[in-house]
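J.: Sequence plus predicted model, see below.
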Amino acid sequence: VFYKTDIRNIYQFQGLGKKMPVTTVVFLIAALSMIGVPGTVGFTSKWYLALGSIEANQWIFVAVILVSSLLNIVYFWRIFDNIWFGHPHEIENIKRDEAPLTMLIPMVILGILCIYFGFFSGYPIEHIFEPLATKLLGGVP
């Protein structure tokens with residue numbers, strides 16, 4: 001967003017959802033992942049962190065994970081309220097169009113991976129990371 005608009009204030013994001021739809025959808029996916037919505041890789045990571053905390057009987061960390069998700073909802077809602085429901089900012093000289101393909105393609109790939117690993121996180125864990133950890137630890141399962 002900054003690259004194309006030079007905007008640094010979230011209140012100037014008003015109306016960007018219509019002018020930069022791909023960027024804002026990918027940002028939505030990333031925001032949902034940071035919140036920890038099921039079906040995103042952020043949920044998977046928070047889930048494993050919570051399971052590890054529960055196994056270690058460290059309930060405070062489970063509470064921290066939940067509070068961080070709630071705070072992320074508040075932060076990201078304000079941004080999306082401005083992007084999708086706000087009226088375009090009165091500053092007319094702000095260029096509001098989509099980012100170039102050299103920026104969009106990596107963003108879209110990361111957005112797709114964010115969702116893919118949210119649903120299929122077991123494969124890389126079981127087939128890549130566990131064997132790798134076993135080799136690195138000298139055969140310790």
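T.: Thanks, I have it. For clarity, every value in this text was computed on a predicted model and none was experimentally measured.

J.: Spit out the contact partners of the most centrally placed residue in the chain.
T.: Of all residues in the chain, the one closest to the mean position by CA atoms, centre = their mean is Ala30, 2.1 Å from it. Applying CB atoms under 8 Å, 6 or more residues apart in numbering, one finds that Ala30 lies in contact with 110-111, 114. No exception for glycine: its C-beta is placed from N, CA and C like everyone else's.

J.: Please repeat the previous calculation with a cut-off of 10 Å.
T.: When contacts are counted by CB atoms under 10 Å, 6 or more residues apart in numbering, Ala30 touches 40-42, 76, 107, 110-111, 114.

J.: helix, strand or coil for it?
T.: Under DSSP: H, G, I helix; E, B strand; the rest coil, Ala30 falls in the helix class.

J.: how near is it to Asn72?
T.: In this view, Ala30 and Asn72 are 11 Å apart by CB to CB, to the nearest Å.

J.: can you list residues touching both of the two?
T.: Jointly contacting Ala30 and Asn72 under the rule CB under 10 Å, 6+ apart are Gly42.

J.: Could I get the pLDDT score of the nearest residue to Gly39 once chain neighbours are set aside?
T.: When the adjacent residues along the chain are set aside, Gly39 lies closest to Gly118, with 4.7 Å between them (CB to CB, 6 or more residues apart in numbering). Per-residue confidence (pLDDT) for Gly118: 91.
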